[in-house]
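*Asks:* Only the shape, not the letters, is given here:
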């Protein structure tokens, strides 16, 4: 499936390099594990047991530049007006790591933030937190795939979308 040296997106950690595949003692048992190191945060290492389907499913191959550009050309999603349903939708999206859903969520939150700002209001704490998590994932994927710094990603996306929306 994955090999040492591969780069993957892992959960909310963003792009990680698989630095090793070795046996690690977990809960008293030796398990084969992928050792991941976030590309943009070298202070952390992540151990993913190869036998844990749930955790291995959080590892996603990175998209190509063409795939990312195609995602940016997709229409913005329909805004869910019910806050409870929207919160659950955002929670599931973050948990899935699906970049199409993440980008849609970010675009929706940016539109909502602009709308609320015009009315003198702001995003809820949960929405703001969900936005930051989604941005962390997407910015690292875009940066790694496009060969740019993570800080350059919002401006790149804004240019690609043809407006001042920075995702």
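*Replies:* Done, it's in. Since this is a predicted model, take the numbers as computed values, not measurements.
*Asks:* What is the longest strand anywhere in the chain packed up against?
*Replies:* The single longest strand within the chain, with elements called by DSSP state E, is strand 14-26. The contact analysis (3 or more CB pairs under 8 Å, 6 or more residues apart in numbering; DSSP states H and E) places strand 14-26 against strand 7-10, strand 29-38, strand 46-49, helix 125-146. (C-beta placed from N, C-alpha, C; glycine too.)
*Asks:* and the second one, what does it pack onto?
*Replies:* What that stands for is strand 29-38. The criterion is 3+ CB pairs under 8 Å, 6+ apart, and the helices and strands that strand 29-38 contacts are strand 7-10, strand 14-26, strand 46-49.
*Asks:* Give me the below-cutoff pLDDT ranges for this structure.
*Replies:* 163-167 (pLDDT under 70).
*Asks:* which residue sits closest to the residue most central in space within it, ignoring its sequence neighbours?
*Replies:* Compute the mean C-alpha point of the chain, and by CA atoms, centre = their mean the closest residue is residue 137, 2.4 Å away. Computed as CB to CB, 6 or more residues apart in numbering, the closest residue to residue 137 that is not its neighbour in sequence is residue 14, at 5.3 Å.
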